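Asks: When you get a sec, could you give me coordinates for this:
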Amino acid sequence: MKAEYDFSKMKARKNPYAAKLKKPVSMRLSEDVLEYFKGMATEAGVPYQSLINLYLRDCVMTHRKVRIDWPKLR
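Replies: The predicted structure follows:
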């Protein structure tokens, strides 16, 4: 390997992975949900936001649908 490289003649090009980067979002989560994921993340040794992203990605990959059972009004 060379000790030094000359990058001055390189042409710039777009990052081919830029479309797959994560997008920052704000969400409101219940405290118990947040504590659940933080606890799991601590056990797994990963950041809790990454764990939430992995869980949501798994939902996407398995086409998991949420089932909402609203209480019936009397």
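
Asks: From now on I want contacts and neighbour counts done on CA atoms only, so please keep to that.
Replies: Noted.

Asks: As a quick check, tell me the outermost residue of this structure.
Replies: R74 (40.4 Å; C-alpha atoms, centre = their mean).

Asks: Can you point out the helix or strand that includes the residue nearest to the spatial centre of the chain?
Replies: Closest residue to the average C-alpha location of the chain: N53 at 3.1 Å, with C-alpha atoms, centre = their mean. In the assignment (DSSP states H and E), N53 maps to helix 48-61.

Asks: Flag every buried residue along that helix.
Replies: 48, 51-52 (16 or more other C-alpha atoms under 10 Å).

Asks: I'd like to know which elements it is packed against.
Replies: helix 31-44 (3 or more C-alpha pairs under 8 Å, 6 or more residues apart in numbering; DSSP states H and E).

Asks: What lies in contact with the helix it packs on?
Replies: 47-48, 51-52 (C-alpha atoms under 8 Å, 6 or more residues apart in numbering).

Asks: Closest one to S30 out of those, please.
Replies: I52 (13.4 Å; C-alpha to C-alpha).

Asks: Give me the local confidence score for that closest one.
Replies: Here the pLDDT value assigned to I52 is 97.

Asks: and what of K9?
Replies: 84.
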